[in-house]
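Peer 1: Return atomic coordinates for the entry below.
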Amino acid sequence: MFPVWLRTEHLINFVLVGLLMRSGWEVVASHPRLYWRNDCGPGTEWLHFTKDKVPDEIGAFTARDDQRNISPMLTLPGRAEIGLGRAWKALLTSAWVILGVVYIVGLFSTGQWRTLVPTSWSIIPDAWHSLTSYLSGHVPPSSAFQPFDPLQQLMYFAIVFLVAPLMIVTGPIMSPAVIGRFPWYPKIFGNRQAARSIHFLGMALITVFMIVHITLVFVVRPQKNLTAMVLGSEDPARLHTAVLVAVVTIVLVVALWIALSYLTLVNRRRSQRVLYAITEPLRRMVLNPMHPRVNGRKPAYTDADISPFHWVNTRTPSQAESAEYVALAADDFKDYRLQVGGLVAEEKSFSLAELKQDFEVVHQIQMHTCMQGWTGIAKWTGVRLRDVLAIVEKKPEARYVMFTSFGLAQKNYNPDDPLRPYYTCLPLDVAMEDETILAWGMNDPDKMHPMYGPPIRLRANSIHGYKMVKWVKSIEWIADYREIQDGQGGTREDSGLQYINARI
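Peer 2: From the prediction side, this is the model:
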């Protein structure tokens, strides 16, 4: 017999796992390739969901070109909304972990654990006999069900005590804040991409388990199993009622899954704000305090780890976008000056030569983490942002640092919207991190490929790549990012509906 609390847990878990899978598929669709190695180079994926071939030429095919637009019928929310998809996944994961803790406590406090946890190694040969029975079209004898047959019990045990915990411990590795603060953590699983692949395989196993488990409930001894799970009764006479309730419940849950996708897309800005407001307390408590800690420690990466291939997401500004940038690049940026101003007592500007001569030059081998899922390791050369900011005296009300690019972007990436300068804002704690630098060199102390953001590219190790502005034109102290353009903290936040705190 299944108690009410257990049946309620199962229903809530069904709802949450379905939504988690759908948000997970949205994330996978943003970079439909899986790897066992961090460099994510062309041809190194072990699984891909696209026929597109990636050329070796830098920028000939970008990560944005690789992104897939999936229907809201299949993913949450769908339509290539990776930012909202990740926001949903963060919220649902938190709820699922809480539910899991309650479930485990309930199992061991009520004795229900005995239905799931094998107490003898005989479970393995017994499960094999159950499997051969199913494959031959027969059902194991009634004596094999306690209340599950050995095969179902072993599957249940594996999902609850092995696969689900593995999903929970690999999930945080997707956050740049976590791997920046604990660079040893992804190495437990091999590397960050290996952890992503393991996480995906866990999702696939749970999906298969749910399909098999629900199917068996309907076809194997339904008079007892289905009525017990749905109605809390083993009365065979109530089978028709149990079937009706189960089918209606499944239909309603699936409808809820799909409805949430469309509701999210009806007003994306509202969805962004609601999801951010709900998840911000947990993010403030768990992720925001995490900052890279490598000083005095063994570097997380060495020259041997540098990726031979590094994905890009945008292309170098054209003449139509920025004639000023094209002219500066044509002269190797000799006339370039980095503007530092905003809410300061006196604005300053620096040439590349002055940045190299007047500040301490640092070299960092770090992993670039894109929220789409791909990674790349490179050696960056530049100066710490905080050293440059210290040259100007900011006003007391200045609380954020805004970076504006020579590059342009369209609001919502809609061809009908006007081009506006790409920008982003950093909170003070991220701006002051040791590893937040203004880089002019990538795998070369003096230069970087035009696609990666010269003359200056922002690098901040504890956040996602879309915050690391390329082709930096100016830096400004501002009071509040809500007063800039659409008030969300950056072009991607305004248009792609990401978050100003790109740590999830």
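
Peer 1: Residue 380: what's it in contact with?
Peer 2: Each residue near residue 380 by C-beta atoms under 8 Å, 6 or more residues apart in numbering is listed here: 363-366, 437, 439, 441-442, 459. C-beta here means a position set from N, CA and C on the backbone, and glycine is covered the same way.

Peer 1: rerun at 10 Å
Peer 2: Residue 380 makes contact with 362-366, 368, 435, 437-443, 445, 448, 452, 457, 459, 461, according to C-beta atoms under 10 Å, 6 or more residues apart in numbering.

Peer 1: cool, residue 328 as well?
Peer 2: Counting by C-beta under 10 Å, 6+ apart, residue 328 has contacts 322, 334-337, 406, 454-455, 471, 473.

Peer 1: ok, and it, which helix or strand is that part of?
Peer 2: helix 323-330 (DSSP states H and E).

Peer 1: residues of that helix that come out buried?
Peer 2: 325, 328-329 (16 or more other C-beta atoms under 10 Å).

Peer 1: do stretch 473-491 as well
Peer 2: Quick answer for stretch 473-491 (16+ other C-beta under 10 Å): 473-478, 481, 484-485, 488-491.

Peer 1: Show me the two of the contacts of residue 328 that sit farthest apart.
Peer 2: Spanning the widest gap among these are 322 and 334, at 17.1 Å by C-beta to C-beta.

Peer 1: how about the buried residues of helix 323-330 in JSON lines, adding pLDDT and distance to residue 171?
Peer 2: Rendered in JSON lines, the data for these read as follows (pLDDT from 0 to 100; distance: C-beta to C-beta, whole Å):
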{"residue": "325", "pLDDT": "93", "distance to residue 171": "39"}
{"residue": "328", "pLDDT": "94", "distance to residue 171": "43"}
{"residue": "329", "pLDDT": "93", "distance to residue 171": "41"}
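
Peer 1: helix/strand/coil for residue 349?
Peer 2: Under DSSP: H, G, I helix; E, B strand; the rest coil, residue 349 falls in the strand class.

Peer 1: beta partners for it?
Peer 2: Per DSSP bridges, the residues bridged to residue 349 are residue 339.

Peer 1: contacting residues around the one helix or strand in the chain whose mean pLDDT sits lowest?
Peer 2: One helix or strand of the chain scores below all others by mean pLDDT, DSSP states H and E: helix 222-231, with a mean of 80. Helix 222-231 has contacts (C-beta under 10 Å, 6+ apart) with 1-2, 6-7, 10-11, 142, 145, 147-148, 152, 216-221, 233-246, 249.

Peer 1: in that helix, what's buried?
Peer 2: 222, 224-231.

Peer 1: and which of these is nearest to residue 101?
Peer 2: residue 229 (22.2 Å).

Peer 1: what about that closest one, distance to residue 10?
Peer 2: The gap separating residue 229 from residue 10 is 7 Å, by C-beta to C-beta, to the nearest Å.

Peer 1: and what of residue 462?
Peer 2: 38 Å.

Peer 1: Give the burial count for residue 252, as a bare number.
Peer 2: The local packing of residue 252 (other C-beta atoms under 10 Å) involves 12 other residues.

Peer 1: so what's it up against?
Peer 2: 15, 259.

Peer 1: same question, residue 317
Peer 2: 323-326, 329, 405-408, 422, 450, 470-471.

Peer 1: let's see 8 Å
Peer 2: Here residue 317 is in contact with 325-326, 406-408, 471 (criterion: C-beta under 8 Å, 6+ apart).

Peer 1: Between which two of those is the distance greatest?
Peer 2: Going by C-beta to C-beta, the pair spanning the contacts of residue 317 furthest: 326 and 408, at 12.5 Å.

Peer 1: circling back: ok, of the contacts of residue 317, which one's closest to residue 29?
Peer 2: Residue 29 has its nearest neighbour among the contacts of residue 317 in residue 407, at 25.2 Å by C-beta to C-beta.

Peer 1: quick one: that closest one from residue 315, how far?
Peer 2: 9 Å.

Peer 1: One more: residue 4?
Peer 2: Note on residue 4: its distance to residue 315, by C-beta to C-beta, is 58 Å.

Peer 1: ditto for residue 185
Peer 2: 34 Å.

Peer 1: swap in residue 21?
Peer 2: 34 Å.

Peer 1: Those two: which is more packed in?
Peer 2: residue 21 (21 against 14).

Peer 1: Now do the phi/psi pair for the more buried one.
Peer 2: Recorded main-chain torsions at residue 21 are phi -60, psi -40, according to degrees, to the nearest 10.

Peer 1: and it, how far is that from residue 27?
Peer 2: 11 Å.

Peer 1: likewise residue 351?
Peer 2: Taken as C-beta to C-beta, the span from residue 351 to residue 27 is 41 Å.

Peer 1: which one of these two has more residues nearby?
Peer 2: More neighbours surround residue 27 than the other of residue 351 and residue 27, with 22 against 16 (other C-beta under 10 Å).

Peer 1: Quick one, grab the pLDDT at that one.
Peer 2: The per-residue pLDDT reported for residue 27 equals 92.

Peer 1: List the buried residues for the strand or helix carrying it?
Peer 2: Assigned by DSSP H and E, residue 27 belongs to helix 4-30. Neighbour counts over helix 4-30 (16+ other C-beta under 10 Å) mark 6, 9, 13, 15-30 as buried.

Peer 1: that older thread, out of the buried residues of stretch 473-491, which comes closest to residue 48?
Peer 2: residue 491 (28.9 Å).

Peer 1: who touches the closest one in this structure?
Peer 2: Contacts of residue 491 (C-beta under 8 Å, 6+ apart): 409, 420, 422-424, 485.

Peer 1: Now compare these and name the two farthest from each other.
Peer 2: Of all pairs in the contacts of residue 491, the most separated under C-beta to C-beta is 420 and 424 at 12.7 Å.
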